[in-house]
Every structure is written in C-alpha cells, then in structure tokens.
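Visitor: Below: sequence and its predicted model.
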Amino acid sequence: MTEPTEPTNPPPDPETTQPVSIDRPGGKPLRRIVLVTAAIVLVVGGTGLYFYIAGRDVREIRTVVDSFVTAVDTADQARVVALLCQEEAAGLTENEDPPVPSPAIADDPSHAREVTEVEVRDDAASAKVVRPDEEPYTLYLRKEADVWKVCAPVEERFTGAPPS
C-alpha cells in the first residue's frame, strides 16, 4: 500500500505573478478606510482631551476658591497667603494684623457655601461664591506655574474696570 503523496506545486513565476491588491470588494481601498478611521479617532480624542482639561480647570478652581474661603473664615493667614497670586501675596506685609474670623463661621469651617459660575479665560478665571443670607461675591484667579491662585487684579480682564 502506498501512501498518498502531496502534490507538489512549482514555485510561482515572478514574471507571471500578479501583485496582491489592497483593494476591498467594491473598489474601496483599505488605505482610505484606515486614514478615515485614524482621522475620526484623532478628532474624537482631541475633543475629549479638550473637555477633560477644561473640566479639570473648573474642578481645580472650585477647590482653590473653597480652600481660600475656608482660610479667610478661619483667619488662617498662612493659608490665605499661600493661595494668593504672587502679586497680591507680595502686597501683604508681616506687620499686617491677621483677619479676625467671624465667630460663627470660624467654629464651622464648612460653613454652607456654593462655588458657581466658574468662567475660565486662558490663564484667568472667575468664580462666584454664594452663601445663604449673604450677598454673592466673585473671586478672580490667575494660573501661575500651572496652579490656580486667587488674584484680585485679574478682575480687570473680566469687567474692564480695576479691582474694587
């Protein structure tokens, strides 16, 4: 009994062999599909990154404003200075008396407040602080060394008037 042998195929002749086409049925080149897919991924990714960064700034601003308000309420002068922009921090002197905390607020650092209407313009921002039974007020911030700092002189960029 003889075993069946595999048919041997001669090697392809390079002169008669057709190149492999990257065309898909219907004539759409695979390259075009890959390029369109890559473009879509880049656009979606770029848009997502933009909104992530913008959202991160808003979260950071809310945190800084909340920390600053707590520092003022509790008369934590060192913390207040740390949260001020260089321009304002330099204006404070060692001889200045620290702010006197409001007794009711000082006892409760988490005094009810809401940080609203955060607006970012490049390296400047504004945020409104709203508390029950108080007039809302706006704090202005500047981004220094990639960190948001409270900075009254920035008010001019938002209102056109010098800080009050």
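Guide: Thanks, I have it. Residues are numbered from 1 along each chain as shown.

Visitor: in the chain, which spans are strands?
Guide: Ranges of strands within the chain are 114-121, 124-130, 137-144, 147-150, based on DSSP state E.

Visitor: how about stretch 31-46: buried residues?
Guide: By 16 or more other C-beta atoms under 10 Å, stretch 31-46 has no buried positions at all. All C-beta spots, glycine's among them, are computed from the backbone N, C-alpha and C.

Visitor: who are the neighbours in contact with C85?
Guide: Going by C-beta atoms under 8 Å, 6 or more residues apart in numbering, C85 touches L141, R142, E144, K149, V150, C151, P153, V154.

Visitor: Go again with 7 Å.
Guide: Residues counted as contacts of C85 (C-beta atoms under 7 Å, 6 or more residues apart in numbering) are R142, E144, K149, V150, C151.

Visitor: Could I get the contacting residues of the residue nearest to the fourth one when sequence neighbours are not counted?
Guide: Pointing back at V150 there. Distances taken as C-beta to C-beta, 6 or more residues apart in numbering place F68 nearest to V150, at 5.0 Å, with adjacent residues excluded. With contact set as C-beta under 7 Å, 6+ apart, F68 has these partners: V80, L83, L139, V150.
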